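Chemist: sequence unavailable; structure follows:
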Ligand code: NAI
Ligand code: MG
């Protein structure tokens, strides 16, 4: 493998609250390592409850003040301007993302950053298209609805697509006229704080977006349980998703959750096997397998098992694992020592001992039974389980035998079979003869314990708006019920 180069002195970052870059009230900081080398990449201010309180107050002030008074068009223009500034700085942001997260530069350049730009651009257009309705109520009455922002939103995001997850959360919230306190993951705080600089440059009023970097148990928990937050949006583990929902229940804060997955990626004997092998690779080795919709359960029809497995193994062995800054690298390190150790607990004999970085090699378990732990628990690494099946009915039963329901893939040339599967599978996203396709205009989210609410597309606006019904009497007469 190519060797990651040692880095220079750590970068330094402050919190972004009320339009200013500030230290944490406690003056505490934390280090975020470069996962390719284990060295400190950046020193970042560590927010806790006091800073979250400040950020929520700033977001409240902005919501009740300047931001609500701004026209939808001006809001949209700010979002569009932000998308252009991100595009201008995309190469630099991609490099920072790769150094903070470990993902190959090829991915941050061609997938993450374009996705970030696309989301801000797409939702910029929605700002002026959020409308109410008129309702055909009986009698001399006029009834209409207003679609209004929810208010102050807390948003807690993970480390697997740091800037892209910030974009998925911020763009619809801002388009709909909300203000935000965003908490990035402690493993990858850097690009969100770089985004804060561009938010400042674009000219967003102070307090509209606040970014508080810190740990989940402190800053995250303070945000989720905050009494002055109107909505909390979370992406991360199912375990923490449940904590967020419980904390939010205390104040009846609105919640949306995008959680774990254990997606079936299904290969029928009538599939184009080359395409299916590529699809299986994309499903489980992309982003080091750290993807909530990863196709981690590969279901193969029994009669093509040997053919598929032979080709899959051969390709997996050729994946170039190494320095994520190398343009030819297809897999970089896992995000953290903690994540690496979690993955190793599934496959301890495969410790590759790559230098000081958190590297792990593509791994395939064959002859897996869907009831095994390895087929039921999310691993969040480049580890796939291959499970065989005989017919469609057995497949559907096994594919749905999971607590999760985020996504699914199917490889077949038979369109009836493909659409039958799409209907029968309990998952929020289905890919037919493709995998991991996404677009800002297309909804994404889970069934079952993969969460609730849909991000991206027009459905995301439902998470960030609420409906007010307004009744107007047109008769000019008294109600009369209690007598004239
Ligand atoms: P996590 O769920 O603990 O972290 C995600 C975010 O939640 C981070 O910003 C974190 O600071 C915050 N958080 C953690 N505890 C919190 C709390 N008590 N209150 C409020 N916020 C809190 O995920 P973690 O520990 O990094 O990874 C564990 C596993 O979670 C992974 O192995 C993977 O299975 C899953 N995961 C799923 C993701 C997805 O995209 N659905 C993303 C990241 C992790
Ligand atoms: Mg955690």
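Modeler: Nice, I can see it. Note that the coordinates shown come from a computational prediction; the quantities given were computed from them, not determined experimentally. Ligands and ions are numbered 1, 2, ... in the order given.

Chemist: quick one: name the residues of the stretch 301-450 of the chain near ligand 1.
Modeler: Proximity of the stretch 301-450 of the chain to ligand 1 (Cβ under 6 Å from any ligand atom) is limited to residues 342, 378, 380. Using the backbone N, CA and C atoms, a C-beta is placed for each residue, glycine as well.

Chemist: strands - which of those residues land there?
Modeler: Among those, none falls in strands (DSSP state E).

Chemist: of those residues, select the buried ones using a ChimeraX command.
Modeler: Filtering those down to the buried ones (16 or more other Cβ atoms under 10 Å) takes a single ChimeraX command:
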select :378,380
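
Chemist: pLDDT added to the residues of the stretch 301-450 of the chain next to ligand 1, as CSV?
Modeler: Output for those, formatted as CSV (pLDDT from 0 to 100):
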residue, pLDDT
342, 96
378, 98
380, 98
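
Chemist: low-confidence regions, this protein specifically.
Modeler: 1-7, 348-354 (pLDDT under 70).

Chemist: tell me which residue lies nearest the centroid of it.
Modeler: For the chain, the residue sitting closest to the mean C-alpha position, by Cα atoms, centre = their mean, is residue 165 at 4.3 Å.

Chemist: grab the nearest non-local neighbour of that one.
Modeler: Nearest residue to residue 165 in three dimensions, chain neighbours excluded: residue 157, at 4.1 Å (Cβ to Cβ, 6 or more residues apart in numbering).

Chemist: residues contacting that neighbour?
Modeler: Residues in contact with residue 157 (Cβ atoms under 8 Å, 6 or more residues apart in numbering) are 165-166, 169, 182-185, 192, 234-236.

Chemist: so which of the residues you listed reach ligand 1?
Modeler: Counting by Cβ under 6 Å from any ligand atom, the members of those near ligand 1 are 183, 185, 235-236.

Chemist: closest to residue 197 among those residues?
Modeler: Lowest distance from residue 197 to the ones next to ligand 1 among the contacts of residue 157 (Cβ to Cβ) belongs to residue 183, with 17.8 Å.

Chemist: was I right to think that closest one contacts residue 215?
Modeler: No. Between residue 183 and residue 215 there is no contact under Cβ atoms under 8 Å: 9.3 Å.

Chemist: of the two, which one has the most company?
Modeler: Taking neighbours as other Cβ atoms under 10 Å, residue 183 and residue 215 compare with residue 183 leading, 28 against 15.

Chemist: what values do phi and psi take at that one?
Modeler: Dihedral pair for residue 183: phi -110, psi 110, per degrees, to the nearest 10.

Chemist: just to revisit the earlier point, how far does the helix or strand encompassing the residue nearest to the centre of the chain sit from the chain's center?
Modeler: Using DSSP states H and E, residue 165 sits within helix 162-175. Helix 162-175 has its C-alpha centroid displaced from the chain centroid by 9 Å (Cα atoms, centre = their mean, to the nearest Å).

Chemist: helices or strands next to that helix in the packing?
Modeler: When contacts are defined as 3 or more Cβ pairs under 8 Å, 6 or more residues apart in numbering; DSSP states H and E, helix 162-175 packs onto helix 72-88, helix 90-101, helix 113-126, strand 152-156, strand 179-183, helix 190-202, strand 231-235, helix 460-463.

Chemist: for the residue in the stretch 51-200 of the chain positioned nearest to ligand 1, what are its contacts?
Modeler: Going by Cβ to the nearest ligand atom, ligand 1 is nearest to residue 158 of the stretch 51-200 of the chain, at 3.2 Å. Contacts for residue 158 (Cβ under 8 Å, 6+ apart) come out as 165, 185, 235-236.

Chemist: and residue 468, which helix or strand is it part of?
Modeler: Per DSSP H and E: strand 465-473 holds residue 468.

Chemist: for that strand, buried residues please.
Modeler: Neighbour counts over strand 465-473 (16+ other Cβ under 10 Å) mark residue 465 as buried.

Chemist: what residues does that strand touch?
Modeler: 130, 132, 135, 137, 140-150, 176.

Chemist: show the buried residues in those.
Modeler: 130, 147-150, 176.

Chemist: output the residues you listed as a markdown table; include the columns distance to ligand 1.
Modeler: Output for those, formatted as a markdown table (distance: Cβ to the nearest ligand atom, whole Å):
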| residue | distance to ligand 1 |
| --- | --- |
| 130 | 27 |
| 147 | 28 |
| 148 | 27 |
| 149 | 23 |
| 150 | 19 |
| 176 | 23 |
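
Chemist: would you point out the most distant pair within those residues?
Modeler: Using Cβ to Cβ, the two most remote members of those are 130 and 150, lying 12.2 Å apart.

Chemist: where do the strands sit along the stretch 251-400 of the chain?
Modeler: Taking DSSP state E, counting those that start in this stretch, the strands of the stretch 251-400 of the chain run over residues 254-258, 264-267, 297-301, 363-365, 383-389.

Chemist: which one is the residue of the chain most remote from its centre nearest to, not counting chain neighbours?
Modeler: Computed with Cα atoms, centre = their mean, the maximum C-alpha offset from the centroid of the chain is found at residue 484, amounting to 58.7 Å. Residue nearest to residue 484 in three dimensions, not counting chain neighbours: residue 478, with 6.5 Å by Cβ to Cβ, 6+ apart.

Chemist: A strand includes the one you found, no?
Modeler: No. Read with DSSP: H, G, I helix; E, B strand; the rest coil, residue 478 is coil and lies in no strand.

Chemist: these two touch, right, the residue nearest to the centre of the chain and residue 233?
Modeler: No. Counting by Cβ under 8 Å, residue 165 sits too far from residue 233 to count as a contact (10.1 Å).

Chemist: please parse this structure into its domains.
Modeler: Recorded structural domains for the chain (assignment: automatic domain parsing) are 11-259+450-468, 264-319+362-432.

Chemist: so can I have TSV of those domains showing distance to residue 442?
Modeler: Formatted as TSV, the domains of the chain follow (distance: least, Cβ to Cβ, whole Å):
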stretch	distance to residue 442
domain 11-259+450-468	5
domain 264-319+362-432	8
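
Chemist: who's in contact with the residue of the stretch 351-484 of the chain found nearest ligand 1?
Modeler: Proximity of the stretch 351-484 of the chain to ligand 1 (Cβ to the nearest ligand atom) peaks at residue 380, 3.6 Å away. Residue 380 makes contact with 160, 260, 289-290, 294, 339, 342-343, according to Cβ under 8 Å, 6+ apart.

Chemist: show me which of these are buried.
Modeler: By neighbour count, with 16+ other Cβ under 10 Å, the contacts of residue 380 hold 160, 260, 289-290, 294, 339, 343 as buried.

Chemist: who is residue 407 paired with across the strands?
Modeler: Beta bridges link residue 407 to residue 429 when assigned by DSSP bridges.
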